[in-house]
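> Sequence first, then the predicted structure, then my questions.
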Amino acid sequence: MFLRNCWYVVAWDHEIPADGLFNRTVLGEPLLLFRRADGRIVALEDRCCHRLAPLSKGRKEGDCVRCGYHGLKFNAEGACVEVPGLESVPPKARVRSYPVALRHKWVFVWMGDPARADTALLPDNFSCDHPDWRNIPGYLHYDTPQLLICDNLLDFSHLSYVHEKTLGNSTAIAQVRPEIEKVPRGLRVSRKVRNVPPPAYWARARDFGGGHVDRWFIYDFLLPGTLLMHSGGRPTGDAEGDMRRAVELHSCQTLTPETETSTHYFFQQSHRAALGGEWLTQMIHDGLLVAFEEDRAMITAQARNIERGPEAPMLPLAMDAALVQFRRLLAQAVEAEQA
Amino acid sequence: MFLRNCWYVVAWDHEIPADGLFNRTVLGEPLLLFRRADGRIVALEDRCCHRLAPLSKGRKEGDCVRCGYHGLKFNAEGACVEVPGLESVPPKARVRSYPVALRHKWVFVWMGDPARADTALLPDNFSCDHPDWRNIPGYLHYDTPQLLICDNLLDFSHLSYVHEKTLGNSTAIAQVRPEIEKVPRGLRVSRKVRNVPPPAYWARARDFGGGHVDRWFIYDFLLPGTLLMHSGGRPTGDAEGDMRRAVELHSCQTLTPETETSTHYFFQQSHRAALGGEWLTQMIHDGLLVAFEEDRAMITAQARNIERGPEAPMLPLAMDAALVQFRRLLAQAVEAEQA
Amino acid sequence: MFLRNCWYVVAWDHEIPADGLFNRTVLGEPLLLFRRADGRIVALEDRCCHRLAPLSKGRKEGDCVRCGYHGLKFNAEGACVEVPGLESVPPKARVRSYPVALRHKWVFVWMGDPARADTALLPDNFSCDHPDWRNIPGYLHYDTPQLLICDNLLDFSHLSYVHEKTLGNSTAIAQVRPEIEKVPRGLRVSRKVRNVPPPAYWARARDFGGGHVDRWFIYDFLLPGTLLMHSGGRPTGDAEGDMRRAVELHSCQTLTPETETSTHYFFQQSHRAALGGEWLTQMIHDGLLVAFEEDRAMITAQARNIERGPEAPMLPLAMDAALVQFRRLLAQAVEAEQA
């Protein structure tokens, strides 16, 4: 049971071609995405109302799409405007249309009641597209339910183990208990780790002289599954507000259920543009991909174990505080929506 | 729920080896096919009555087959005639035998009550094997239910879209409403399209001088899923009866459910022998394969969409008249059989 | 429904690394296997009690294993001894531990009540590791239920057909009715075949001068699925007790359900060390692999036929006596265990 009245990221802006058809499944529903002549993105049900063929196997005609099976033509609102061989089009001939929002290179669709689509609910993924920040957009497909990946992002103690040799580099991360606060539609998780060795790649951007750093990870995790994170570190001893020798990062990550058992993962990790050029952006992205494959291997193995013994209970531990709260938040939101 | 008291094509004649075992699944049942010494084809249940091993993994011994697991030997009627180590064979030791008919290179099996097998019900696939006609036999396997392919063949408006660049070559086909008549055990669908460009390959067989043609597609579509079609075209302006400058084709196609969700497709498109030699036969066959792959891609995509959202309704349109009638005919026949 | 209070072979001794983690699924349960510093093998549930990740994706730390997801550490008894970030470990934090026995290179696990684990119930697989005998250990994975493979081993009449050109080499094997006796937790099956050609490979170990042999196959087949077999042959005419010109073999084979529909198969065929050196051992092993692939192909085809028509009955025949008795024995043991 998915939350429906919310924005889900369906694609990076650059994935939707200027003149062609793009399709992706969200919440088990096949979506067709294409651009109008003015560049605005359209999201329609990717399933002709006639015989249920995917419209994405048809072709774009101006701001319309024509089904490749029997030629029905639909406009950008999903209304059928032509049935070959018929004088007039039956009024019921239409496919569902989804509200779309483009913000900072993320393409969002509203999967619930279109009348309730509200751009005020879009997350602030500013660093995806901001002159002061640099990043490379990333995408991964997971063969696991979305919530297992949310769990992962809501408990960074895994950095010490899953990412021991990549993002983590210290068991101290798992030792620190984060602060958790309620924010609108989500949680704020703040973890500060003092006096630890920096991740290996930081040394290439900043000279820490072999010394330790204080690190921070401060993120909002918002419904339906979006992480917006300020993180970074400064030489241990520098004052909390002093950013002069700091590494300063911002990451936007979001999880969109493809089906009940598979998930789209859109992400980027930005660094301050002032910190370095293309070589640094690429290095951070490459490192992130290595680390995210570590996550995917672990979470996929976990998911297979769960499928094999769905009755096996999980033992709640203190480190689960945030994920337990977020699961509760989501369950309440779904319940409210069903009521 | 399949119709059982009818003939299904299980193979082309040439697929059954002179001295060996052939197997294919029909209506979910594993069938073994082989030839007696006199060449007549035998169809038995491909499942030993003892431990259910496929007999097709055993060997032919004269007009018998011996199971490769424990050596039970069955004659061409399916009766067990030897159990290694047993003096006498238990009377219950037998596998089901299916009535077989060979007509014009199609091998038919009767999947229902053998007592009701009636060769008068065989379809007239004359052009599969007729001195005045030339063709190359074709076979495709579909990972979709049989009825979705029947639907496709019962509405040629798809030629304008699925086969826009192959068999269709004109949106006019979809514009024309065909005539539909009831015939015994099926429907006759007649579509005449006037003054359209000919399919590209026709120009190699006939010189149309760049002009348009009048085309016809007249086919019977018969239970359980067989298309017998006269089609062709003549220069626009030539009289309806005048075949002198016509391209004249006859096609036999039949769909046999392998399981509830997969289908065997046997087909050929014949041309008048007088129209051209081996080069033309090959060209027509090659073109047909390209077009039939277009169908298969579309129908498979449609089937996946239906599996993903089995509750999604289809919107009936005028072009569905024949397929709706055929689906009703089949449902009635199945219902009558169950009663 | 599996029998649980019994020993199942989970691995060959050499499969468990000296310093690393090994995993295998038994009865649908994921198992982790590793060695303590003193070499003793430990079997734990391969599923962290926290979030159900496989411990085998973590790392060995001394005689403990640390989960690679959030760092929980478990000792060799399955008790959690450390939760990163927690002062004290919750008493419920543990994974299941399985009694292990190592005997003659087979690693056994007890899948039922640990208090009832009894090494007196271990089968006598002496030839797996005996100075008078030589063999090469074998393993195969089956995508079929365990019982179909037990059936195969309980009726050697299949040697005449499945292994016609390998182990069998005579239809006489299927003609002979074996004696079947009850033994503790199983059956003894004795089959003697007189005056038949020897298997081709025997001639390389013994000179039979082109003559025939008397063969014997005498095996215990024990719960939950273990075959212990003396087999061999001597020149026809030699007295029953005379082993001077005999080929004398001993085989240990055991079938462990991986899941309801897949199986682990551990096996070896030993020959008397006096009979030949490495070349003979290798030749016997290679021949066995060829024959066991013959079995696997047949049993897999049988399993697919059963899946396709699960309602199809099997016809009991005299040759099924042992397998019917064993299936009854197993069903009774499972029923007794459930009660």
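Nice, thanks for sending it over.
> From here on, just use CA atoms for contacts and neighbour counts.
OK.
> Buried residues in the lowest-mean-pLDDT helix or strand in chain A, which are they?
In chain A, the helix or strand scored least confidently by mean pLDDT, DSSP states H and E is helix A:202-205, which has a mean of 81. Using 16 or more other CA atoms under 10 Å in any protein chain shown as the test for burial, helix A:202-205 gives A:Trp202.
> Where do the domain boundaries of chain A fall?
A:9-121, A:130-338 (automatic domain parsing).
> Just give me how far the shortest one sits from the chain centre.
Between the mean C-alpha location of domain A:9-121 and the chain-wide mean there is a distance of 21 Å, by CA atoms, centre = their mean, to the nearest Å.
> what pLDDT, on average, does that domain get?
For domain A:9-121, mean pLDDT rounds to 97.
> Next: stretch A:180-195.
For stretch A:180-195, the mean pLDDT works out to 96.
> Name the residues that touch that stretch?
With contacts defined as CA atoms under 8 Å, 6 or more residues apart in numbering or on different chains, stretch A:180-195 is touched by A:154, A:172-173, A:176-179, A:212-223, A:236, A:322, A:326, A:329.
> again, but for stretch A:139-148
By CA under 8 Å, 6+ apart, the surrounding residues in contact with stretch A:139-148 are A:255-257, A:259-267, A:296, A:299-300, A:303, A:327.
> Can you select the buried ones from the residues you listed in PyMOL?
Buried subset of those, written as a PyMOL selection, criterion 16+ other CA under 10 Å:
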select buried, chain A and resi 255+256+257+259+260+261+262+263+264+265+266+267+296+299+300+303
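> Which ones among the contacts of stretch A:139-148 also lie next to chain C?
The residues of the contacts of stretch A:139-148 that also fall near chain C, by CA under 8 Å from any CA of the partner chain, are A:299, A:303.
> Narrow the contacts of stretch A:139-148 to those in helices?
Counting by DSSP state H, the part of the contacts of stretch A:139-148 found in helices is A:296, A:299-300, A:303, A:327.
> could I get these as a markdown table with distance to A:His70?
Shown next, in a markdown table, are those (distance: CA to CA, whole Å):
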| residue | distance to A:His70 |
| --- | --- |
| A:Arg296 | 41 |
| A:Ile299 | 43 |
| A:Thr300 | 41 |
| A:Ala303 | 41 |
| A:Arg327 | 45 |
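> And the residues you listed, which is closest to chain B?
Closest approach to chain B among the ones in helices among the contacts of stretch A:139-148 (CA to the nearest CA): A:Ala303, at 21.6 Å.
> Quickly find the element holding A:Arg188.
In this structure, A:Arg188 is located in strand A:186-196 according to DSSP states H and E.
> Just give the number of residues close to A:Tyr69.
Neighbour count of A:Tyr69, defined by other CA atoms under 10 Å in any protein chain shown: 28.
> That one and B:Met298 touch, don't they?
Yes - A:Tyr69 is within contact range of B:Met298, at 6.9 Å (criterion: CA atoms under 8 Å).
> Need the overlap of contacts for the two.
Common neighbours of A:Tyr69 and B:Met298 (criterion: CA under 8 Å, 6+ apart): A:53, B:162.
> hang on, the earlier thing: so which of the contacts of stretch A:180-195 belong to strands?
Among the contacts of stretch A:180-195, the members falling in strands are A:179, A:213-222 (criterion: DSSP state E).
> hmm, which two among those residues are most spread apart?
Within the ones in strands among the contacts of stretch A:180-195, two members stand farthest from each other by CA to CA: A:Val213 and A:Leu222, at 28.7 Å.
> neighbour-wise, which of the two wins?
Per other CA under 10 Å, whichever of A:Val213 and A:Leu222 has more neighbours is A:Val213, with 23 against 20.
> any idea how far chain B is from the more buried one?
Distance from A:Val213 to chain B, counting by CA to the nearest CA, to the nearest Å: 50 Å.
> One more: A:Arg204?
Distance, A:Arg204 to chain B, by CA to the nearest CA: 48 Å.
> can you list the residues of the stretch 101-250 of chain A near chain C?
The stretch 101-250 of chain A comes close to chain C at residues A:157-158, A:160-162, A:174-177, as judged by CA under 8 Å from any CA.
> from those, which has minimum pLDDT?
Minimum pLDDT for these is recorded at A:Ala174 (83).
> residues touching that one, list them.
Neighbour list for A:Ala174: A:156-160, C:70, C:84-85 [criterion: CA under 8 Å, 6+ apart].
> Apply 6 Å and report the result again.
Each residue near A:Ala174 by CA atoms under 6 Å, 6 or more residues apart in numbering or on different chains is listed here: A:157, A:160, C:84-85.
> ok, those residues vs chain B, which is closest?
A:Ser157 (37.2 Å).
> What sits closest to the residue of the stretch 101-250 of chain A found nearest chain C if chain neighbours are left out?
Residue of the stretch 101-250 of chain A nearest chain C, by CA to the nearest CA: A:Gln175 (4.0 Å). In space, and not counting its chain neighbours, A:Gln175 is closest to C:Gly85: 4.0 Å by CA to CA, 6 or more residues apart in numbering or on different chains.
> ok, that neighbour touching A:Pro178?
No - C:Gly85 lies out of contact with A:Pro178 (CA atoms under 6 Å); the separation is 10.6 Å.
> more neighbours, those two?
In this view C:Gly85 and A:Pro178 are compared by other CA under 10 Å, and A:Pro178 has more residues nearby, 22 against 17.
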